[in-house]
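Student: need a structure here:
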Amino acid sequence: MHWTALLTCVLAVSVMNQVSSLETVTANYGETVKIPCNNGLLKAEDVDIIKWKYDTDSSILVKRAGKNATIADNVNYKTRVSIQEDFSLVITKVTMADQRTFTCMVSGNDILEYSVQLQIYKAPSQPQITKQANVMEIGKMTALAQCHTEGANPPAVILWIKNKATLSNSTVVKITTTKDVDSVTGLSATTSLLEYAAVKEDIDAKFTCRVQHPKSADMDSSPLNFTVNYPTEKVELQVGSKGPFKEGDNVTLKCTADGNPPPTSYNFYIKGEKKTVENSNTYTLRNITRAHTGEYKCSLVDKEDLADSKQITVDYLEVVLSSTGKVVKKLGESFETTLDVKASGTTQTSWKKGKTKLESLPKFDNLKYSDSGVYEGVVTMNGLVKTKTFELIVEGAPVIKDLFKKRADGSSNKVLSCEAEGSPKPTVQWSINSTNVHETDYVDGRITYSITLIPKVNLTVSCTVSNALGYAVSSINISTLADDVTMDKQDQTDEYGDQTTMVVGIIIGVLLALLAIALAYWLYLKKYRQGTWKTGEKEDGSAEESKKLEENQSQKADV
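Tutor: As a prediction, this is how the structure comes out:
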């Protein structure tokens, strides 16, 4: 103590020739710091005594040349300080209480002092959000949230960010920041309250609390979302589909409002009649007709002047065909049908008979069987399609267009064909029986019936065709097989020319003889018998006479 008092007295009366400038050393809270004396430039041979102190004259330790350091009985530093060979002071576990000025006093060739300011840093904690609101109202100042961070030195700075833009105090923003120092640790806590008056554009805006500090990177809170409430300013009526609308459709009307929360009830004006819907914003028009064409409107229930309207047009297509179902006409008559179309727009009409397209509406001055069929008219307009059909049936009593015979190919058979025309389809009856009967397809009122036979005598065969409107009969003479063969031979002589002249003469003679015999036989029958020959009919006279006549005819034919 005597040495300390003497040194202090000497310093008080000595003129110090050198005084060092104040330097600063930083340290992190709770770590170890080394405080140099004269920036560590002292030489051991120039130092007799060195003393470390803080504040005015609070001694920490003294070190004499060649001796160990003596540490003062200071509760703050007794166990936490030491001195190194370069005379630097080492302090462990620094706290905020160590943030002060430390001075090393050197005695040697001269007496000098070197002061050092120790600055303690401590990074703050992550931002914590408290007192968060859920809803903002447009134009109303609302306390949205409070952001808090602690354990910092120097105190942390808190910023408020909205959609990446920093907020500052204004007419719609109020930021209140408070800072508190812990009485035990000396560290600071920072709290910031954000009050905000929302605008409509703040829907879906994101707010963030940001903590800034020189010893840490910026730290952001999780984004904060708020519901923005605002009154309805506009109402819109929406039509469920774009249209065009046609009769029979269902149309849904939807009323929307830009307020938040949205209204739960709306008024719908349907053809001037107000209908209020609760807990819904839609109204459906079902099975609409042309009478639904007009203006439709919706509004708020409690503020009917906020409304919107839309015009709805219902397209319609009405088609009436004068001919429907089955239309029966007589052959040769005239026929004309009419198509009456009523529509809300321009229409297109097409006709076809079966699969065949027609150029125009069916009209006939002289009906034919081929005009029969199913006619279809299709009328279209803006997606609307109406189809009308009728079946035209042309009827007439049957007529026989042709009755002819021919030889069957490669055989001795005769084929008789009866070509008939009529409607309904004619049926046929032959005057002779045949097991080989054939008919063609019935097309456009025409059909051909055919039978095959082998005549043994000259015959007259009748074809009778009939339907519900009448009948027709036609007959044809059929010669025997021998006659046909002779005719065939005659045809063959024509092919061979002059070389077969003799054969042709013989054949002609035979034919003339046969004709003479047939004529005599016919005169005989005409003189002694009455009636017309038809196969299957019994003749007058006795059975013996009939037999004798047949034998005579056969003998003549053989000749």
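Student: which stretches of the stretch 451-559 of the chain have low pLDDT?
Tutor: Across the stretch 451-559 of the chain, the ranges flagged by pLDDT under 70 are 481-510, 513, 520-559.
Student: residues of whatever helix or strand Thr256 lives in that come out buried?
Tutor: Here Thr256, judged by DSSP states H and E, is contained in strand 251-257. If you call a residue buried by 16 or more other Cβ atoms under 10 Å, then strand 251-257 has these buried ones: 251, 253-257. All C-beta atoms are positioned from the backbone trio N, CA, C, and that covers glycine.
Student: Let me know the closest of the residues you listed to Leu358.
Tutor: Closest to Leu358 out of the buried residues of strand 251-257 is Val251 (37.1 Å), distances taken as Cβ to Cβ.
Student: what ranges do the helices span in the protein?
Tutor: With DSSP state H, the ranges of helices along the chain come out as 2-13, 481-496, 501-528, 543-558.
Student: okay, the buried residues of strand 251-257 in a markdown table with pLDDT and distance to Lys326 next?
Tutor: Listed next are the buried residues of strand 251-257 as a markdown table, based on pLDDT from 0 to 100; distance: Cβ to Cβ, whole Å:
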| residue | pLDDT | distance to Lys326 |
| --- | --- | --- |
| Val251 | 94 | 40 |
| Leu253 | 95 | 46 |
| Lys254 | 95 | 50 |
| Cys255 | 95 | 53 |
| Thr256 | 94 | 56 |
| Ala257 | 93 | 60 |
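Student: Show me what counts as buried in stretch 35-50.
Tutor: Here stretch 35-50 shows 35-38, 42, 47, 49-50 as buried, counting by 16+ other Cβ under 10 Å.
Student: domains in this structure, as residue ranges please.
Tutor: Domain assignment for the chain, taken from automatic domain parsing, gives 2-121, 128-229, 235-315, 396-482, 493-558.
Student: circling back to that earlier point, closest one of the buried residues of stretch 35-50 to Leu167?
Tutor: Ile35 (42.1 Å).
Student: To what extent is the closest residue to Cys37 other than its chain neighbours buried, counted in neighbours?
Tutor: Closest residue to Cys37 apart from its sequence neighbours, by Cβ to Cβ, 6 or more residues apart in numbering: Cys104 at 3.7 Å. Neighbours of Cys104 under the rule other Cβ atoms under 10 Å: 25.
Student: For Cys104, list the residues it contacts.
Tutor: Residues in contact with Cys104 (Cβ atoms under 8 Å, 6 or more residues apart in numbering) are 37-38, 50-52, 87, 89, 113-114, 116.
Student: need the residues you listed in JSON lines with pLDDT and distance to Asn225, can you?
Tutor: Converted to JSON lines, these look like this (pLDDT from 0 to 100; distance: Cβ to Cβ, whole Å):
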{"residue": "Cys37", "pLDDT": "90", "distance to Asn225": "57"}
{"residue": "Asn38", "pLDDT": "88", "distance to Asn225": "59"}
{"residue": "Ile50", "pLDDT": "92", "distance to Asn225": "63"}
{"residue": "Lys51", "pLDDT": "92", "distance to Asn225": "62"}
{"residue": "Trp52", "pLDDT": "93", "distance to Asn225": "56"}
{"residue": "Phe87", "pLDDT": "90", "distance to Asn225": "60"}
{"residue": "Leu89", "pLDDT": "95", "distance to Asn225": "53"}
{"residue": "Glu113", "pLDDT": "90", "distance to Asn225": "60"}
{"residue": "Tyr114", "pLDDT": "92", "distance to Asn225": "57"}
{"residue": "Val116", "pLDDT": "94", "distance to Asn225": "50"}
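Student: Mind checking which of the residues you listed land in strands?
Tutor: In strands, judged by DSSP state E, the following of those are found: 50-52, 89, 113-114, 116.
Student: which among the residues you listed gets closest to Cys298?
Tutor: Val116 (79.6 Å).
Student: Surely that closest one is in contact with Ala27?
Tutor: No. Assessed by Cβ atoms under 8 Å, Val116 is found out of contact with Ala27, at 11.3 Å.
Student: how far does stretch 91-103 stretch from start to finish?
Tutor: 14 Å (Cα to Cα, to the nearest Å).
Student: Glu137 and Ser170, how far apart?
Tutor: Plainly put, Glu137 is 18 Å away from Ser170 if you go by Cβ to Cβ, to the nearest Å.
Student: Neighbour count for these two, which is higher?
Tutor: Glu137 (15 against 10).
Student: dump the residue contacts of the more buried one.
Tutor: Neighbours of Glu137 in contact, by Cβ under 8 Å, 6+ apart: 198, 228-230.
Student: where's the dip in pLDDT among the residues you listed?
Tutor: Across the contacts of Glu137, the smallest pLDDT goes to Tyr230, namely 89.
Student: Contacts only, for that residue.
Tutor: 137-138, 198, 200, 259-260.
Student: circling back: look at Val116 and Ala27 and report which has more neighbours.
Tutor: Between Val116 and Ala27, counted using other Cβ under 10 Å, Val116 has the larger neighbour count: 23 against 18.
Student: Compute the distance between that one and Asn39, please.
Tutor: From Val116 to Asn39 the distance is 9 Å (Cβ to Cβ).
Student: Need the residues touching each of the two.
Tutor: Common neighbours of Val116 and Asn39 (Cβ under 8 Å, 6+ apart) are Glu23.
Student: ok, Thr95 to Tyr29 distance?
Tutor: 7 Å.
Student: These two: which is more packed in?
Tutor: Tyr29 (21 against 17).
Student: And the pLDDT for that one?
Tutor: Value for Tyr29, per-residue pLDDT: 96.
Student: list the contacts for it?
Tutor: 94-96, 120-122, 153, 187.
Student: Keeping just the C-alphas, turn the longest strand seen in the chain into PDB.
Tutor: For the chain, the strand with the greatest residue count under DSSP E is strand 384-407. Taking C-alpha atoms only, strand 384-407 is exported to PDB below (Å, rounded to 0.1, in the frame of the first residue of the first chain):
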ATOM      1  CA  LEU A 384     -82.100 -25.900 -82.100                       C
ATOM      2  CA  VAL A 385     -83.100 -28.800 -84.300                       C
ATOM      3  CA  LYS A 386     -86.700 -29.900 -85.200                       C
ATOM      4  CA  THR A 387     -87.400 -32.900 -87.300                       C
ATOM      5  CA  LYS A 388     -90.700 -33.700 -89.000                       C
ATOM      6  CA  THR A 389     -91.500 -36.800 -91.000                       C
ATOM      7  CA  PHE A 390     -94.400 -38.400 -92.900                       C
ATOM      8  CA  GLU A 391     -94.800 -41.500 -95.000                       C
ATOM      9  CA  LEU A 392     -96.300 -41.100 -98.500                       C
ATOM     10  CA  ILE A 393     -98.000 -44.200 -99.800                       C
ATOM     11  CA  VAL A 394     -99.100 -44.200-103.500                       C
ATOM     12  CA  GLU A 395    -101.800 -46.800-104.200                       C
ATOM     13  CA  GLY A 396    -103.300 -48.100-107.400                       C
ATOM     14  CA  ALA A 397    -105.100 -51.100-108.800                       C
ATOM     15  CA  PRO A 398    -102.700 -53.700-110.300                       C
ATOM     16  CA  VAL A 399    -102.000 -53.800-114.000                       C
ATOM     17  CA  ILE A 400    -100.000 -56.400-115.900                       C
ATOM     18  CA  LYS A 401     -97.200 -54.600-117.700                       C
ATOM     19  CA  ASP A 402     -95.900 -57.700-119.500                       C
ATOM     20  CA  LEU A 403     -96.500 -61.400-119.800                       C
ATOM     21  CA  PHE A 404     -93.900 -63.400-121.600                       C
ATOM     22  CA  LYS A 405     -92.200 -66.800-122.000                       C
ATOM     23  CA  LYS A 406     -88.700 -68.000-122.600                       C
ATOM     24  CA  ARG A 407     -86.700 -71.200-122.600                       C
END
